[in-house]
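In: Pasting the sequence and the predicted model now:
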Number of protein chains: 2
Amino acid sequence: MPLVIPQNTSWQDTAALVQKHRDETISAVAPAIPEVPSELPLNVISIPSQLLSHSEITITQTLPEDLLAALATGQLTSTNVTNAFLRRAGLAQKLVNCVTELLPDRALERARYLDEYFTRHGEPIGPLHGLPISVKEHVGMKDLDLNAGFVSWVGRTGPANAYILDLLWNAGAVFYVRTTQPQTLMHLEAASNVHGVTVNPYNRALTSGGSSGGEGALMGMRGSCLGIGTDIGGSIRSPAANNGVYGLRPTSYRLPLVGCAATMLGQEHIVAVIGPLSTSVGGIKVFMKTIIDQKPWMGDPSLLPFPWRDTARDGGSLLKKDKTSGRRGLKIGVLADDGVVRPHPPILRALKTLVGRSKGQEAIEIVEFPPYKHDLAWTIISSLYFADNGSEEKEAIESSGEPWRPLSRFIITDNRNVKEMDVREVWRMTGRREVYRAEYLAHWNKVGIVPKTDGEATETWPANVEDEQVDVLLCPVGPGAAPPLDNARYWGYTAQWNVLDYPALVFPTGLHVEPELDKREDEYQARNADDQFNYNRYEPERYRDTPISLQLVGRRYEDEKVMEAFELIKEISGLPF
Amino acid sequence: MPLVIPQNTSWQDTAALVQKHRDETISAVAPAIPEVPSELPLNVISIPSQLLSHSEITITQTLPEDLLAALATGQLTSTNVTNAFLRRAGLAQKLVNCVTELLPDRALERARYLDEYFTRHGEPIGPLHGLPISVKEHVGMKDLDLNAGFVSWVGRTGPANAYILDLLWNAGAVFYVRTTQPQTLMHLEAASNVHGVTVNPYNRALTSGGSSGGEGALMGMRGSCLGIGTDIGGSIRSPAANNGVYGLRPTSYRLPLVGCAATMLGQEHIVAVIGPLSTSVGGIKVFMKTIIDQKPWMGDPSLLPFPWRDTARDGGSLLKKDKTSGRRGLKIGVLADDGVVRPHPPILRALKTLVGRSKGQEAIEIVEFPPYKHDLAWTIISSLYFADNGSEEKEAIESSGEPWRPLSRFIITDNRNVKEMDVREVWRMTGRREVYRAEYLAHWNKVGIVPKTDGEATETWPANVEDEQVDVLLCPVGPGAAPPLDNARYWGYTAQWNVLDYPALVFPTGLHVEPELDKREDEYQARNADDQFNYNRYEPERYRDTPISLQLVGRRYEDEKVMEAFELIKEISGLPF
């Protein structure tokens, strides 16, 4: 049922109606979702385990690939799995405010249908048979509200399901929950006047990240094991990192965005992508493969008709092969600091730990990867985001009278790169983006290459130094762990890969901020105002318990290689620690 | 040596200096290029055979794949081949005005180097060893003029070779001639105030086509067997068609454009592509494969890192396989008329002939392909070309005082879709483009599919009707054969595939306009002003002798399939007729 908002309703009353609707969907879950203590501790991560049944806890803490195996063999029913996730998601809402609505009726109807299908046919309907999948609100669902975080958009509905939902549905998915996002979708947090502020389950004074912050927080709470986010500057990766789960920003035009609501549709200067968050790397892979195996380019002409290279199935490793041993190998470039804003001590500790555990292993070579003009990348991307001077966002915010959220102001009205550009200025800035991409590629191509000194250049066609080049970059996801609310201001560590359109996987290291280990560097001299701002935020106690995540970045369209590289790193280093 | 133009030189004197330079490069060829009769007939196609040596004629009329085989085995030297093409290109210039300059010194130096390489090593340097390749002027060459058809740009030079030239060079190519293009690069003809008007070798009252019109005319004259053009609305295909040679508009982002000079750099709403023209389909293939085999995405980050699927080498056919016989098969959609401007009788005769010869053959199924809103496609593309109201073209034309060419006026100042758009209007029009692309894809997916009536829908994952879908479209390249000068006003038959970004191969049918066969339809009632204009142009005698070409179009990124489909059609129908 679509939300009906009477005309001339104030923004406050509109938000109250939306939240009332949300609460009603939560009340509709049976058995009723337990009440939570009125005084919550900062860290609420373990509360669900105290309030749910043993079976619910087991199911919701199982990795998606294991749930799929159990569902595909009839060991679990979709009804049981779905209800467990509905219950845990409802509980997560009460603890961290990450849900826009639950969908118990349609989810359980779908689950029953799939269970009957399995009983009748003795086999699953598809590779996602019976698995509950969470969905960021602005990914449209037929007849359901589609407000993208703007009060003025409440009451709009999706004319059809977003195409990606149809593809997941074909494969057997169950949609059971929709999740929060910020006003404008352009924060690395998830605060809107529609649904309020989503907080971090490890520390409620910190942000869940964003813009797919509802997904991140819900998954951190294990109220979902696989979900859908979108990313134009870090919006999948920041919430994955802040909540200690996996998130992939795929290269552009591999997964279909069509059917998502947002401002700036038709804007192609910096392309948004849609992609998965999951409690496991296996969840990320099954998501990518299931969609791409269905040839989504047959329905969405913006997509590239190239298969998902499944290295497990196809047998062909995308990694280097050692010439003598024949074993897979990997050259990792480590970019610890982007030269603009220095990461906080816990991030550098996690990087050092991972490098230490990977170094010296036969299969892995590690080199330092110097940053290349990351400040320029930010100038380019933050100019191109809002080439219309943010006029669409201004309209969408101001037409309801809702106030600007601080981070909307930060990225639009307080951003000195935002102005009304004419078409020629946009073309020129796009040209600068192209030049920067070419320079960065040339930089990547050179890192770690030892110049040949053994006589004259040989004439061979074509010249090939790929064997010596860096395969993937290992780097921070942000300049610190989850920041305090309204403080996620530095996008550089994620937006960098949006400027370049490189695929980037975020993964938890298993480490958490430990004030005892991660001391403040008192002597530090900040390089610039952004660096100073970030440095000033770091008081170790404030970040206690927060997960520390890292990012693995590949060349454009080498999404599959990033996944395979991560698995090798995981195997060798023993991740998560 | 770059051209040096003194300050304050009038546009007429500038053009005269450029043409004087061109003539000097032609005079530098030895033996001297023969004079041509001062009174030329309309059809000059056979004049070179009367004026060149037997060996020169043989070499220049050999297909590129056969030249490559002879060069790779030492049966021909690059010096001999290069000089033959220099001579024939110089002669072509005197007959149809298609050359901006010859490069005899650097070409012969390169040829000698390659010949010595072959002598020393006993093998070719690469897959294009010793082959002369012609290059459209705006594809930059280090230190040579780079004016893109604007008088005001004369004196600009390429800071480096365009990247595509480096890749061809690596593979053994020889660059020996640069070819003409129109003012603005945005005509389907090749008339500029820098180099004058390029005419059609089959009929000098008609156009060579454009914007790669110098390439087309030169190749029609057999002054080149393989060359480089660019295409944003038909600029490779119109000259290929008008001169009876092959031309491929590849899907975007497969070949590198970087290093080409043009207005509107940074414009991504409608993407230009670079691609080959050739006297053979083998030339097209070796061009594509040679570049893509070198992984050009390692140097140009805009390119997609996907290999050229060489169906001959890799063995894997991209066509359908008949379930019983196992033979390759093809479903062709025939789009004879786009519903906007009806093609002239010769075009429809050629289509009918080809369909007649292909029909009823086991391997080929032919269905009618109805057009889908091709008029809307033109509104979209002609709005997005000049979203800055043509301000860059206006500046480039008017700053020298050169007059506007009629077709520059036609496409910019007289084009009612051209206006100054703001960023939001560009986004909206880009959105319309996306919707149109989706609708056209849905249309393609349905053509020729017989709805299932055998009971209820089956639940299988994923649904697959590809076996019944159309593989390629067969259609005209334009609404007639080469039009009279300054009359190439209807772009719909080529620009359609730029809007959609589909790969399109133009091929000669071997047929020519025969007034005795191709009579005017006197009863025809025009549908609209464009149709009336085109109908009025058709007086059969005016088009006598002109080659009739057709176009084969594939789905986005199915460039290789288009090539394979063409080869099957050729084999079965006996093309060229």
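Out: Done, it's in.
In: from here on, contacts and neighbour counts on C-alpha atoms
Out: Noted.
In: The closest residue to A:Tyr202 other than its chain neighbours: how many residues sit nearby?
Out: Excluding the flanking residues, the one nearest A:Tyr202 by C-alpha to C-alpha, 6 or more residues apart in numbering or on different chains is A:Asn43, at 4.5 Å. By other C-alpha atoms under 10 Å in any protein chain shown, the residues close to A:Asn43 number 17.
In: any idea how far A:Asn43 lies from A:Leu3?
Out: As judged by C-alpha to C-alpha, to the nearest Å, A:Asn43 and A:Leu3 stand 34 Å apart.
In: again with A:Ile548
Out: 39 Å.
In: quick one, which of these two is more surrounded?
Out: Between A:Ile548 and A:Leu3, A:Ile548 has the larger neighbour count (other C-alpha under 10 Å), namely 27 against 16.
In: my guess is A:Arg342 meets A:Asp531, correct?
Out: Yes. Under the criterion of C-alpha atoms under 8 Å, A:Arg342 makes contact with A:Asp531 at 6.5 Å.
In: who's in contact with stretch A:416-434?
Out: With contacts defined as C-alpha atoms under 8 Å, 6 or more residues apart in numbering or on different chains, stretch A:416-434 is touched by A:269, A:377, A:379-380, A:382-384, A:386-390, A:412, A:499, B:264-267, B:301-302, B:387-388, B:421-423.
In: which among the residues you listed end up buried?
Out: A:269, A:377, A:380, A:382-384, A:386-390, A:412, A:499, B:264, B:266-267, B:301-302, B:387-388, B:421-423 (16 or more other C-alpha atoms under 10 Å in any protein chain shown).
In: Export the helix or strand harbouring A:Ile380 to PDB, keeping only CA atoms.
Out: Per DSSP states H and E, A:Ile380 falls inside helix A:374-385. Extracted C-alpha coordinates of helix A:374-385, given in PDB (Å, rounded to 0.1, in the frame of the first residue of the first chain):
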ATOM      1  CA  HIS A 374      44.200  13.000  -4.800                       C
ATOM      2  CA  ASP A 375      43.400  16.600  -3.900                       C
ATOM      3  CA  LEU A 376      42.800  17.300  -7.600                       C
ATOM      4  CA  ALA A 377      40.600  14.300  -7.900                       C
ATOM      5  CA  TRP A 378      38.400  15.700  -5.200                       C
ATOM      6  CA  THR A 379      38.200  19.100  -6.900                       C
ATOM      7  CA  ILE A 380      37.100  17.400 -10.100                       C
ATOM      8  CA  ILE A 381      34.500  15.100  -8.600                       C
ATOM      9  CA  SER A 382      33.000  17.700  -6.200                       C
ATOM     10  CA  SER A 383      32.700  20.100  -9.100                       C
ATOM     11  CA  LEU A 384      31.000  17.600 -11.400                       C
ATOM     12  CA  TYR A 385      28.500  16.200  -8.800                       C
END
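In: Surely A:Ile548 is in a helix?
Out: No. Per DSSP: H, G, I helix; E, B strand; the rest coil, A:Ile548 lies outside any helix segment and is strand.
In: OK, contacts around it?
Out: A:241-242, A:244, A:346-347, A:350, A:481, A:508-513.
In: Ok, A:Cys225 next?
Out: Per C-alpha under 8 Å, 6+ apart, neighbours of A:Cys225: A:Thr60, A:Leu63, A:Pro64, A:Pro132, A:Ile133, A:Met219, A:Ser278, A:Thr279, A:Ser280, A:Gly283.
In: The last one in helix, strand or coil?
Out: This points to A:Gly283. Going by three-state DSSP: A:Gly283 is helix.
In: can you tell me how far the residue nearest the centre of chain A sits from chain B?
Out: Centroid-nearest residue in chain A: A:Ile236, 1.7 Å away (criterion: C-alpha atoms, centre = their mean). According to C-alpha to the nearest C-alpha, to the nearest Å, A:Ile236 and chain B sit 23 Å apart.
In: isn't that residue right up against A:Leu248?
Out: Yes. Using C-alpha under 8 Å, A:Ile236 is in contact with A:Leu248, at 6.9 Å.
In: No further questions, thank you.
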